[in-house]
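[1] Fold the stuff below for me.
(one chain, ligands or ions: 1)
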Amino acid sequence: MELMKTNPNSPRCEEVIMKVEKLKVWTSEEKRWWKRKPSKPKTIILNNVTDCIKTGEFLAILGPSGAGKTTFLVSLAGKCTLPSEGVVTVNGRNVNDLPQGTVEILPQFDVFMDCLSVMEHLIFMAEMRLGSLKKSANVIVLNTIISDLKLKTHERTLIRSLSGGERRLLSLGSSLLSIPKILICDEPTSGLDSYNASLVVGVLKNLSKTGKIVICSVHQPSSDLFKEFNSISLMSEGKLLFHGTHDDCRILFESVNLHCPKNYNTAEFFIKAVSSNPTSNENDVDRILENYRNRLNASNETCCETSSAATSQFQVCKRGWARQVQILLWRFWICLRRNTTFLVMSLLLSTIIGAVVIGTCFAGSTGTTQRGVQNLRGLLWVICSEVSFSLSYSALFAFENELSLFKREVGMYGVSAYFIARFLSEIPRCIILPIPYVTIATSAVYMPNYTLTALEFYVTLFLTGMASTAYGLGMGAIFISSGLMGDVMPCADLPLFLMSGAFLRISSLPIWLYPVKYSSHFYYAMDAISNIYWRQIGEIDCPTNITSNCLKDGTAVLMENGYSSHFVVQDALGLLLVAIMWCLLGYYGLKREKGKGYAY
Ligand SMILES: Nc1ncnc2c1ncn2[C@@H]1O[C@H](COP(=O)(O)OP(=O)(O)OP(=O)(O)O)[C@@H](O)[C@H]1O
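    Next comes the predicted model:
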């Protein structure tokens, strides 16, 4: 197995030592702001864990449910966001300061972009973690992982069609692509049949033989699988009761009169013995711990220090920003392409129906009569708002659906690269959506210089679509995890669309509302589209029997609404700035989400 081969000439400094010193982790305290006392006090999850894990260890972490195994693994990976004390180091360097990918964690639950095929997913991961697949060395690594994990037959299968076990294998393959020095797996065999479980354990064991550390939590392993691990750690109630070989563990248990019956699964025996259930004796746990500590003290075994300089070898591929955007865009594009028929059909159907309804209601209207002025104003508002609302609401939930994936991939790519790629992936919608409104709805009304006017409408609606998409993505990113998006959006929309001039006379706005006006994409869209239309209306009929004031021409309509006279520059620039503003806000929203930590 190419990937797992050890280099015989490797210097001894390639040794990896992971040290855990007095690690304590608590649950977060919950406190209501109006109360002095916490409503839920913090409780301890990991209680003073000290350990040392060395190169070549294939370590099984055993313990009953709730013992703290997952919390321990997450802490070892430097991804624990709970309050903690103590330190985890790798070759003397804090685990949090190591280059991304040095310590990889394979979580208990898999998260993927389900629309990709197995191969597409692995190519994405390889490009991000390993480097360019134009390099033959990287292709070899990728192919080795595919063949080691027997994924070849599923290369073209969509991830959404994989079984739970196959998803586990794919997850493991993705983690292996960063060629980590330390691989931490939370129940890597759960959901796998015995063949695949031994396949995974075999791959992990071979990996540990190449001078790496592989740590796995395991739930009820079969005797055969359990034997494959060369060391075990036993946890109970947040304490580390033992770390060492199988034999040492057996001897320790026998020292407190706990003998594993013949032909009994040893892993099960150890777990049962330290479980806090009525059949186990609580004193056993204390005695095991005491005896273990006494043995450690007597053996005087120390966790040998390795120079932190040795961590300089921990170099991991980091793609440039532009390349990250490109790779992310490629992934979004595949999903878009896979759903193209559905997307285009639903987009066109909904917009075509909308455009036909609008065209029917406004059929025959003309801006050259006093009666037609209101209809044309209404038509322009309806097509601007349809484009704007459709695009902002379709972008709004983009991040919510991808939040777990984004938080799993934290550190693999930059937040800005992800945001920009997401924004760019929405552009096809901005291109397609205005077409029916411009071609169908406007053809039912009188438009001077139809082709040119329709083209100008299209450009305006496209730019409006871009700003609306940025607005949707921005709001989505800001309120991503609160579940408030749907509630907040109508409140945020209201002041912005009131600035469109369709309901309020813009020229009569008080000065303190100007910031809202200038940040409203509805305002720029209506200002531009109204100018395009009304500037071409030279004369509006004014019947002699009319009782109200007559609007003599298109310019009078524009003046009545209070639209700008520098519309081309102002509106194009305005829409661009609004898009940038929402992109920046969205970026900070996502950055805040990233700061909340890894999604386990
Ligand atoms: N974020 C958290 N907030 C509150 N309590 C937590 C949190 N994470 C873990 N706990 C609690 O800490 C204890 C240990 O949890 P952990 O998931 O580490 O156990 P485990 O040994 O991995 O269990 P299992 O084998 O069932 O997965 C549990 O009682 C759990 O409820």
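[2] Angles on the backbone of K181, please.
    Note on K181: its backbone torsions stand at phi -80, psi -30 [degrees, to the nearest 10].
[3] same thing with I184?
    phi -110, psi 120.
[4] which residues of the stretch 351-500 of the chain fall in helices?
    In order along the chain, the stretch 351-500 of the chain carries the following helices (DSSP state H, counting those that start in this stretch): 370-396, 398-408, 415-425, 427-432, 434-436, 450-478, 485-498.
[5] With mean neighbour count and mean pLDDT as extra columns, can I get the ones you listed in TSV?
    Any C-beta I mention is one placed from the backbone N, CA and C, and that applies to glycine too. Below are these laid out as TSV (neighbours: other CB atoms under 10 Å; pLDDT from 0 to 100):
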stretch	mean neighbour count	mean pLDDT
helix 370-396	21	92
helix 398-408	18	88
helix 415-425	21	95
helix 427-432	16	92
helix 434-436	22	92
helix 450-478	23	95
helix 485-498	15	86
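[6] so which of those helices gets nearest the ligand?
    Closest to the ligand of the helices of the stretch 351-500 of the chain is helix 398-408 (CB to the nearest ligand atom; 14.1 Å).
[7] By mean pLDDT, which helix or strand of this structure comes out lowest?
    The helix or strand of the chain with the poorest confidence is helix 282-299; it has a mean of 78 (mean pLDDT, DSSP states H and E).
[8] Report the buried residues of that helix.
    Buried residues in helix 282-299, counted by 16 or more other CB atoms under 10 Å: 284-285, 287-289, 291-292, 295.
[9] quick one on the thing from earlier: I'd like the helices of the stretch 351-500 of the chain written out as JSON lines, with distance to the ligand added.
    Formatted as JSON lines, the helices of the stretch 351-500 of the chain follow (distance: least, CB to the nearest ligand atom, whole Å):
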{"stretch": "helix 370-396", "distance to the ligand": "28"}
{"stretch": "helix 398-408", "distance to the ligand": "14"}
{"stretch": "helix 415-425", "distance to the ligand": "23"}
{"stretch": "helix 427-432", "distance to the ligand": "38"}
{"stretch": "helix 434-436", "distance to the ligand": "46"}
{"stretch": "helix 450-478", "distance to the ligand": "24"}
{"stretch": "helix 485-498", "distance to the ligand": "24"}
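[10] coming back round to it: tell me which strands and helices the least confident helix or strand of the chain is in contact with?
    Counting contacts by 3 or more CB pairs under 8 Å, 6 or more residues apart in numbering; DSSP states H and E, helix 282-299 packs against strand 239-244, helix 246-255, helix 266-274.
[11] nearest to I352, of the ones you listed?
    helix 266-274 (62.2 Å; CB to CB).
[12] tell me the angle that closest one makes with helix 246-255.
    Angle of helix 266-274 versus helix 246-255, following axes from the mean of the first three to the mean of the last three CA atoms, to 10 degrees, is 40 degrees.
[13] helix or strand for S178, which one?
    Counting by DSSP states H and E, no helix or strand carries S178.
[14] Redo the helices of the stretch 351-500 of the chain as CSV? Include distance to N265.
    What follows is the helices of the stretch 351-500 of the chain, written out as CSV (distance: least, CB to CB, whole Å):
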stretch, distance to N265
helix 370-396, 51
helix 398-408, 33
helix 415-425, 45
helix 427-432, 56
helix 434-436, 66
helix 450-478, 49
helix 485-498, 49
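[15] ok so, going back, not counting its own residues, what contacts the least confident helix or strand of the chain?
    Under the contact criterion CB atoms under 8 Å, 6 or more residues apart in numbering, helix 282-299 has outside partners 234, 236-237, 239, 241-242, 252-253, 255-256, 258, 273-274, 276.
[16] coming back round to it: tell me which of the helices and strands packed on helix 282-299 sits most buried.
    Across the helices and strands packed on helix 282-299, averaging neighbours per residue (mean count of other CB atoms under 10 Å) puts strand 239-244 on top, at a mean of 22.
[17] Are it and the ligand in contact anywhere?
    No - shown here: strand 239-244 not in contact with the ligand (CB under 6 Å from any ligand atom), separated by at least 11.8 Å.
[18] So for that strand, mean pLDDT?
    Mean per-residue pLDDT for strand 239-244: 91.
[19] which helices and strands sit right next to it?
    Contacts defined by 3+ CB pairs under 8 Å, 6+ apart place strand 239-244 against strand 44-54, strand 231-236, helix 246-255, helix 282-299.
[20] Output the longest one in CSV, but only the C-alpha positions, please.
    Same thing as helix 282-299. Output of helix 282-299 as CSV, limited to C-alpha atoms (Å, rounded to 0.1, in the frame of the first residue of the first chain):
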residue,chain,number,x,y,z
GLU,A,282,-18.2,1.8,42.1
ASN,A,283,-15.2,1.0,44.3
ASP,A,284,-13.7,-1.1,41.4
VAL,A,285,-13.3,2.1,39.3
ASP,A,286,-11.5,3.9,42.1
ARG,A,287,-9.3,0.9,42.8
ILE,A,288,-8.4,0.4,39.2
LEU,A,289,-7.5,4.1,39.0
GLU,A,290,-5.4,4.0,42.1
ASN,A,291,-3.6,0.8,41.1
TYR,A,292,-2.9,2.3,37.6
ARG,A,293,-1.5,5.5,39.2
ASN,A,294,0.7,3.5,41.6
ARG,A,295,2.0,1.4,38.7
LEU,A,296,2.8,4.6,36.7
ASN,A,297,4.7,6.1,39.6
ALA,A,298,6.5,2.9,40.3
SER,A,299,7.6,2.4,36.7
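[21] oh, and call the first residue 28 from now on, that's how I've got it
    All set: I'll call the first residue 28, so the last point we hit is now helix 309-326.
[22] Which SSE is immediately downstream of that helix?
    Counting by DSSP H and E, what follows helix 309-326 is helix 348-365.
[23] Measure how far that next one is from the centre of its chain, please.
    14 Å (CA atoms, centre = their mean, to the nearest Å).
[24] just the buried residues of helix 309-326 now: which is nearest A294?
    So of the buried residues of helix 309-326, ranked by how close each gets to A294 (CB to CB), first place is I315, at 15.4 Å.
[25] Now N576: which helix or strand?
    Taking DSSP H and E as the definition, one finds N576 inside no helix or strand.
[26] Count the neighbours of it for me.
    Neighbours of N576 under the rule other CB atoms under 10 Å: 10.
[27] now E56
    Neighbours of E56 using other CB under 10 Å come to 12.
[28] Verify the contact between it and K62 for me.
    No - counting by CB atoms under 8 Å, E56 stays clear of K62, with 11.7 Å between them.
[29] Make TSV from the helices and strands packed on strand 266-271 and add distance to the ligand to it.
    Listed next are the helices and strands packed on strand 266-271 as TSV, based on distance: least, CB to the nearest ligand atom, whole Å:
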stretch	distance to the ligand
strand 71-81	4
strand 258-263	7
helix 273-282	18
helix 309-326	15
